[in-house]
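> Starting from these lines, generate the structure:
(chains A and B)
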There are 2 protein chains.
Amino acid sequence: MEVQSWGGCLLTLCTTSRFLHWGRRRGCCMQSKLMEYYRRKVSRWERHMKLYSEAAAVSNITVTEHKVTFDPDASWLKFHLGISRYALYSRDDLAVPQLLKEMQSMTVIGADYTQDEKALKGACDCTQVVKPSGHHLKLALKMQNFAKAMFKPMRQQRDEETPEDFFYFVDFQRHNAEIAAFHLDRILDFRRVPPVAGRLVNVTGEILQVTHNEDLRAVFFTSPANNTCFFAKCLYVCKTEYAVCGNPNLLEGSLSAYLPGLSIAPRISIPNPWIRSYTFTGREEWEVNPFFCDTIKQLYPYNSGNRLLNIIDMSIFDFLIGNMDRHHYEIFTKFGDEGFLLHLDNARGFGKHSQDEMSILAPLSQCCMIKRSTLLRLQLLTRPEYRLSDVMKESLEGDPLQPILTEPHLLALDRRLQKVLRVVQRCVRRLDEDEVITKDFIKSTVKPQTATDMGKVR
Amino acid sequence: MEVQSWGGCLLTLCTTSRFLHWGRRRGCCMQSKLMEYYRRKVSRWERHMKLYSEAAAVSNITVTEHKVTFDPDASWLKFHLGISRYALYSRDDLAVPQLLKEMQSMTVIGADYTQDEKALKGACDCTQVVKPSGHHLKLALKMQNFAKAMFKPMRQQRDEETPEDFFYFVDFQRHNAEIAAFHLDRILDFRRVPPVAGRLVNVTGEILQVTHNEDLRAVFFTSPANNTCFFAKCLYVCKTEYAVCGNPNLLEGSLSAYLPGLSIAPRISIPNPWIRSYTFTGREEWEVNPFFCDTIKQLYPYNSGNRLLNIIDMSIFDFLIGNMDRHHYEIFTKFGDEGFLLHLDNARGFGKHSQDEMSILAPLSQCCMIKRSTLLRLQLLTRPEYRLSDVMKESLEGDPLQPILTEPHLLALDRRLQKVLRVVQRCVRRLDEDEVITKDFIKSTVKPQTATDMGKVR
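Residues are numbered from 1 along each chain as shown, chains lettered A, B, ... in the order given. Model (predicted):
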């Protein structure tokens, strides 16, 4: 079965969101649109660099100039074009290993704050008690072939555990969790996490000297130990105790491949029905109402199609990595309601190897449904020859920052996998097997509303 | 020699600041003034408690009511009356061990933010890059006999070291450093640090349930691990990751005895001539000019009397504890220029046992002067039978939170003491011994200016 992808140029589908036909039309508009976009970016960059270098010379700022290349075979471009209604990439997509390799080693030609960080500037709601503080530092890095990746620096040693008194919403973000989550998602055959690679970044050569953002340049400093450091964007006050430092310049971090820009491939962000309360004492309905899923099942878009099953997949993924912070999920509007759920932002996983937070599995345990394909994959990963921890370990060995996970975190995956299967078994004992283990790709039977009814278009 | 003290009632001295005569006049105004002040406080408290309890009952707030006692023999009162021109307490002052004992165990009847914390509220200069963030939590606790102590909770384990990339001005505050500094100051015979005791505080019973401050009550919460926690005053955003938590209620902390109120015993805060730059790259004159002390020696109030020698004492004390954060010092205005220097706020000491920060000794090494009494004491503490680390260890064993310092920190004291003596030896080799080793209590020869010329009156 050939899958429908961006490359397949199904631009009109976002309005109908029904997929009665698919088939790849070669050389069509999406591909040429992306190519055109890329070409424009390169020329704009070249013009900008010329002007910037002249200005920098006058102001005595050192800027490393790198030649950019326009490469129609760039792996990031292939990755973007390969995104389909079912997954971010196909199992045998050669662009993914290529993209991982490039993120690991390709010359960085630009660094800047991400749009999220820029949006935060001065716009923080100071009355929010539980707002995470500004020390979750992430940067957008641009590679020589215009691949863009989000850099999250190391904040925590591999063997450090989340303190028991921390709420999930203030936990550190872990670069290694971001890397490990990509590998796990791929092993689970979900392919809903964009490629993530580890990299030792030279904060001087690959950030400070290639950024054109004065604000970013201004937060660099030399520490008492003579290391080059920089801190998170200073919302109110720059706090050096939350700075990250190279040694003296090299700093570990994760690089996550960017998705196609929102102007090309819009996404919407939808609140997770099993969202947690982001206050100290609040409780959400799903926490107190064991029949919560019955209500959800009645509600659009969870009342038809795969959406609820996709939420359950996501909860299994989050339970395995121990991520309690999935307040929203995103989907591409162009694939309509039937599109897959993106598993973005996984850096709060892998915080406590000794704790299995069963509440994360609430969508599975309350709805008692699971896709047959997901279940089969989970069962496969309990077999001695495909033991999840072994497969993960092997997969993670390909990353330059290996070891990515400590042994207790790897073993926790096996233990948690067993717990997922036990929840499924309990459901099967209680209900009919056919009711619990569901065929994938149920036809959507309810007329969908427009995307904006469901959530915020990003 | 009898010393002049508050009890000696030398109220007029703050305007002349010359001490040609001293002698204790019994039963005089200072004692009665303090007693009167205390009596008023007790009656006001009793009235307040009556009203507050009625209001609390209406609002359904649990407030523990404790009977207060007026005790004319209270140790804190004796401590206040015993403060002299030379030191905060005399060697054989029985009030000090008594006060330590009371701070360790006496019933707490009230808790509130300190004046410092209250002043911070909304008044923070957000443009200050290096401003320490708001997580240096301290509270004022009131005991049953109206003794007041400043509580600093544990933020760091005994064996944790300050990260090498931290600037001194953003380092954590350590409760055990506060305790150890008091003991060291006493062993050095300076007696310029108010008594400090360790205590396991019940954050529910001894803070939450006895505070009448709604703001303080509002920052308490229960952590995911079911511990009672509270965070530092929320300047902009309360950050739970900087909260402190009991286990489930008990929390280690230091209790420092309050000095007499500023209305009774005003103090001024004077910038340390050897102040450090509180920016990332700035350097102060003393760091680049080896003849800096020659300039200082010409300037009032360092050009006569003991002031410069007192600064040198302070630098020796700070070098031994590894405190780089002595930007200001305080003196009591009533004792004039000849009064001793208070060594307050020592919680940034004992951060790195393996590093001896020689720049802290700059006043000694640049001025090449030391009081004979100080030198003799230091030499005594190198003798095997009085080895500083042994004497410290023995002294610290009296504290309920023992062990206060890890072995490497104790041994660092011996090593640093040797380094102080080597600096003195080098000075003696270079200059005349009489020039270096100075008799205490040099007569002031220069007409002093008024206190406000020198610094900010607190």
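
> what about the helices in the stretch 251-400 of chain A?
Assigned by DSSP state H, counting those that start in this stretch, the stretch 251-400 of chain A shows helices spanning A:285-288, A:292-298, A:307-321, A:362-367, A:372-380, A:388-396.

> What mean pLDDT does the third one get?
Think helix A:307-321. Averaged over helix A:307-321, pLDDT sits at 97.

> quick one: low-confidence parts of the stretch 151-300 of chain A?
The stretch 151-300 of chain A contains residues with pLDDT under 70 at A:169-170, A:232-242.

> need the strands for it, in chain order.
Secondary structure of the stretch 151-300 of chain A, counting by DSSP state E, counting those that start in this stretch: strands at A:196-202, A:220-222, A:228-230, A:244-245, A:250-257, A:267-271.

> Make JSON lines from these and add distance to chain B and mean neighbour count to it.
(Each C-beta comes from the backbone N, C-alpha and C, glycine too.) What follows is the strands of the stretch 151-300 of chain A, written out as JSON lines (distance: least, Cβ to the nearest Cβ, whole Å; neighbours: other Cβ atoms under 10 Å in any protein chain shown):
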{"stretch": "strand A:196-202", "distance to chain B": "16", "mean neighbour count": "22"}
{"stretch": "strand A:220-222", "distance to chain B": "4", "mean neighbour count": "17"}
{"stretch": "strand A:228-230", "distance to chain B": "6", "mean neighbour count": "24"}
{"stretch": "strand A:244-245", "distance to chain B": "4", "mean neighbour count": "22"}
{"stretch": "strand A:250-257", "distance to chain B": "11", "mean neighbour count": "25"}
{"stretch": "strand A:267-271", "distance to chain B": "22", "mean neighbour count": "17"}
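
> Can you convert those strands into CSV and add a column each for distance to residue B:174?
What follows is the strands of the stretch 151-300 of chain A, written out as CSV (distance: least, Cβ to Cβ, whole Å):
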stretch, distance to residue B:174
strand A:196-202, 33
strand A:220-222, 24
strand A:228-230, 23
strand A:244-245, 22
strand A:250-257, 28
strand A:267-271, 43
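
> Tell me the gap between stretch A:335-352 and the middle of its chain.
Centre-to-centre, stretch A:335-352 and its host chain are 6 Å apart (Cα atoms, centre = their mean, to the nearest Å).

> Over to the residue lying farthest from the centre of chain A. Which of the three states is it?
In chain A, the residue that sits farthest from the middle, by Cα atoms, centre = their mean, is residue A:58; the gap is 40.3 Å. Taking DSSP: H, G, I helix; E, B strand; the rest coil as the rule, one finds residue A:58 in the helix state.

> Do you know the pLDDT at the residue positioned nearest the centre of chain A?
With distances taken as Cα atoms, centre = their mean, residue A:344 lies nearest the centre of chain A, 2.4 Å away. pLDDT for residue A:344: 95.

> ditto for the one 3 residues further on
Model confidence at residue A:347, given as pLDDT, is 93.

> what's the answer for the one 4 residues further on, then?
According to the model's per-residue confidence, residue A:351 sits at a pLDDT of 94.

> circling back: which of the helices of the stretch 251-400 of chain A sits most buried?
Across the helices of the stretch 251-400 of chain A, the average number of neighbours (mean count of other Cβ atoms under 10 Å in any protein chain shown) peaks for helix A:307-321, which reaches a mean of 24.

> and that helix with strand A:267-271, angle?
Angle, helix A:307-321 to strand A:267-271, by axes from the mean of the first three to the mean of the last three Cα atoms, to 10 degrees: 80 degrees.

> helices or strands next to helix A:307-321 in the packing?
In terms of contacts (3 or more Cβ pairs under 8 Å, 6 or more residues apart in numbering or on different chains; DSSP states H and E), helix A:307-321 is packed against helix A:175-187, helix A:362-367, strand A:370-371, helix A:372-380, helix A:407-430.

> ok, the residue farthest from the centre of chain A to chain B distance?
23 Å (Cβ to the nearest Cβ, to the nearest Å).

> re earlier: can you put the helices and strands packed on helix A:307-321 in JSON lines and add distance to residue B:408?
What follows is the helices and strands packed on helix A:307-321, written out as JSON lines (distance: least, Cβ to Cβ, whole Å):
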{"stretch": "helix A:175-187", "distance to residue B:408": "31"}
{"stretch": "helix A:362-367", "distance to residue B:408": "48"}
{"stretch": "strand A:370-371", "distance to residue B:408": "55"}
{"stretch": "helix A:372-380", "distance to residue B:408": "50"}
{"stretch": "helix A:407-430", "distance to residue B:408": "29"}
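
> re earlier: now distance to residue B:302 too, for the helices of the stretch 251-400 of chain A, in a markdown table please.
Converted to a markdown table, these look like this (distance: least, Cβ to Cβ, whole Å):
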| stretch | distance to residue B:302 |
| --- | --- |
| helix A:285-288 | 66 |
| helix A:292-298 | 73 |
| helix A:307-321 | 62 |
| helix A:362-367 | 69 |
| helix A:372-380 | 76 |
| helix A:388-396 | 63 |
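
> Residue A:160: which of those is closest?
helix A:307-321 (16.4 Å; Cβ to Cβ).

> Compute the number of surrounding residues for the nearest residue to residue A:231 once chain neighbours are set aside.
The shortest distance from residue A:231 to any non-neighbouring residue, by Cβ to Cβ, 6 or more residues apart in numbering or on different chains, is to residue A:243 (4.0 Å). By the criterion of other Cβ atoms under 10 Å in any protein chain shown, residue A:243 has 24 neighbours.

> And the one 5 residues further on, by the same measure?
Residues near residue A:248, counting by other Cβ under 10 Å, number 16.

> which residue packs closest to it, ignoring adjacent ones?
Residue nearest to residue A:248 in three dimensions, not counting chain neighbours: residue A:227, with 4.7 Å by Cβ to Cβ, 6+ apart.

> hang on, the one you found packs against residue B:165?
Yes - checked against Cβ atoms under 8 Å, the pair residue A:227 and residue B:165 is within contact range at 5.5 Å.

> How about the contacts made by the residue nearest to residue A:248?
If a contact means Cβ atoms under 8 Å, 6 or more residues apart in numbering or on different chains, then residue A:227 has A:245-249, B:164-165 as its contacts.

> between these, which is nearest residue A:405?
Distance to residue A:405 across those (Cβ to Cβ) is lowest for residue A:247, with 21.8 Å.

> residues touching the closest one, list them.
Shown in contact with residue A:247 (Cβ under 8 Å, 6+ apart): residue A:227.

> try 10 Å
Shown in contact with residue A:247 (Cβ atoms under 10 Å, 6 or more residues apart in numbering or on different chains): A:200, A:203, A:225, A:227-228, B:164-165.

> Repeat that for residue A:203.
Going by Cβ under 10 Å, 6+ apart, the list of residues near residue A:203 reads A:111, A:139, A:151, A:153, A:209, A:220, A:227-230, A:244-251, A:253.

> let's see it at 7 Å
A:228, A:230, A:246, A:249, A:251 (Cβ atoms under 7 Å, 6 or more residues apart in numbering or on different chains).

> just these now: which is nearest residue A:302?
So of the contacts of residue A:203, ranked by how close each gets to residue A:302 (Cβ to Cβ), first place is residue A:251, at 42.2 Å.

> low-scoring stretches of the stretch 1-150 of chain A, by residue?
Looking at the stretch 1-150 of chain A by pLDDT under 70, you get A:1-29, A:116-136.

> at 90 instead, please
A:1-37, A:41, A:46, A:48-70, A:113-138 (pLDDT under 90).
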